[in-house]
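In: what follows is a predicted structure for the sequence shown.
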Amino acid sequence: MQAVLALADGSIFRGKGFGAAGLAVGEICFNTAMSGYQEILSDPSYRGQIVTLTYPHIGNTGVNAEDMEGAKIFCSALVVRNLPRTPSSWRSTQDLPTFLQTHQIPGIAGIDTRALTRRLRDSGAQNAAVLTGAEISDDTALSAARACPDLPGRDLVQDVVCREAYTWDLASGAPDQGYRAQATVQAALRHVVVYDFGSKRNILRLLTDRACRVTVVPPRTTAAEVADLRPDGVLFSNGPGDPAVLDYAQEAMRQIIAADIPIFGLCLGHQLLGLALGAKTIKMKFGHHGANHPVKDLRSGRVLITSQNHGFAVDVDTLPACLTTTHISLFDGSLQGMAHRDLPVFSFQGHPEAGPGPHDAGVIFDDFTHAMHRHRERRHA
Ligand SMILES: NC(=O)CC[C@H](N)C(=O)O
């Protein structure tokens, strides 16, 4: 199958199509993770984006049901250097081209992803189109790339979230029943309400791993409805698109802070915390997407190697006095974590849940459970 990738700046890359035949548009970004393509494809935060992977061999281990981070593929298209002829892994149940075909997502292989990435690093994020099929035209792809709406200003959350609240726990037959150690005494568990803006499943898994009972709620759930669930803490999840347009989520967060409930903001949730308390967000030149980003914890001096996927960032120069910087990126000095000076409210820009990626930052989930525990003790003292 023929295939072309066109960037809005006029660059044309010809390759070989795989997955679905058709046209897909989005903002193109590069991810530097060496593994974890299935988790990247199924991460809801990539909605509205075309992903290119800098690691050259993609598809070697096929795909399987356990490694899904969401219910389907969320990015618009996939751009790779080399596809293997056959996957090789005892866990594989499907090959990558069939996976893309099943989810109606086009892929393009044989691309000089190194040259493409250098272009994106130099020129910054831009819109692109992938066109695959029996007969394709560069002009069609180029016009589609140029007609694609820009990511800033778009609320993409509504496309990827749950419509109704649900419970994620091992006892009630959650999708991962039996995947982790059995949690037993429900009454003794911390109850976490997760605001779903496109939550990755590993966030929910890591909470149940830490003996939390998890209720996932849609993004427009009001703060009063959340308070009725009597949570020990509220996690604001990752998600796609521009955080600045999600005013309803910022309002809910302000009210939950005022209700004195511990909060953990993760990626999009981190950006929402900044916005809720008066900071501004900015669009980054090409963002952070990878599994090898060094982040410094300013309190301990410790460096964490982290998983990242974001194109917006909280502007550190606009932080209100009530927030302190806890983490910074050692790649570009941008803000990676912050905490409220007086309340058990904090956030992290990267992905402590990994999926894919290193587990260094997993301790932040422990910080959250400890914060909920201390807060409960204080309230009952
Ligand atoms: N992974 C995320 O939550 C991404 C947050 C936001 N959509 C960004 O691109 O910055």
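Out: Thanks, I have the structure now.

In: please count neighbours and contacts with C-alpha atoms only from this point.
Out: Will do.

In: quick one: the strands in the stretch 251-381 of the chain, in order.
Out: Taking DSSP state E, counting those that start in this stretch to define them, one finds strands in the stretch 251-381 of the chain at 263-266, 281-297, 303-314, 323-329, 335-340, 345-348.

In: determine which of these approaches the ligand most closely.
Out: Relative to the ligand, the nearest member of the strands of the stretch 251-381 of the chain by Cα to the nearest ligand atom is strand 303-314, separated by 3.5 Å.

In: and of the strands of the stretch 251-381 of the chain, who's closest to P84?
Out: Of all the strands of the stretch 251-381 of the chain, it is strand 281-297 that lies closest to P84, at 21.6 Å by Cα to Cα.

In: between strand 303-314 and the closest one, find me the angle.
Out: Angular relation of strand 281-297 and strand 303-314 on a 0 to 180 degree scale: 170 degrees, by axes from the mean of the first three to the mean of the last three Cα atoms, to 10 degrees.

In: strand partners of strand 281-297, parallel vs antiparallel please.
Out: Applying DSSP bridges to the sheet, strand 281-297 is found paired with strand 303-314 (antiparallel), strand 323-329 (antiparallel).

In: now do the helices in the protein.
Out: 37-41, 96-102, 113-123, 138-147, 201-209, 223-228, 247-258, 268-276, 363-380 (DSSP state H).

In: now these in JSON lines, with mean neighbour count and mean pLDDT?
Out: What follows is the helices of the chain, written out as JSON lines (neighbours: other Cα atoms under 10 Å; pLDDT from 0 to 100):
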{"stretch": "helix 37-41", "mean neighbour count": "24", "mean pLDDT": "98"}
{"stretch": "helix 96-102", "mean neighbour count": "18", "mean pLDDT": "98"}
{"stretch": "helix 113-123", "mean neighbour count": "16", "mean pLDDT": "97"}
{"stretch": "helix 138-147", "mean neighbour count": "20", "mean pLDDT": "98"}
{"stretch": "helix 201-209", "mean neighbour count": "21", "mean pLDDT": "94"}
{"stretch": "helix 223-228", "mean neighbour count": "14", "mean pLDDT": "98"}
{"stretch": "helix 247-258", "mean neighbour count": "18", "mean pLDDT": "98"}
{"stretch": "helix 268-276", "mean neighbour count": "28", "mean pLDDT": "98"}
{"stretch": "helix 363-380", "mean neighbour count": "15", "mean pLDDT": "93"}
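
In: mind putting those helices into CSV with distance to the ligand?
Out: Converted to CSV, the helices of the chain look like this (distance: least, Cα to the nearest ligand atom, whole Å):
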stretch, distance to the ligand
helix 37-41, 10
helix 96-102, 21
helix 113-123, 16
helix 138-147, 19
helix 201-209, 12
helix 223-228, 21
helix 247-258, 13
helix 268-276, 4
helix 363-380, 16
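
In: who wins for proximity to C75 among the ones you listed?
Out: helix 37-41 (6.1 Å).

In: if we can go back for a sec, looking at the strands paired with strand 281-297, which is nearest to T167?
Out: Set against T167 and scored by Cα to Cα, the strands paired with strand 281-297 come closest in strand 303-314, at 26.2 Å.

In: how many residues are close by E164?
Out: When counting by other Cα atoms under 10 Å, one arrives at 10 neighbours for E164.
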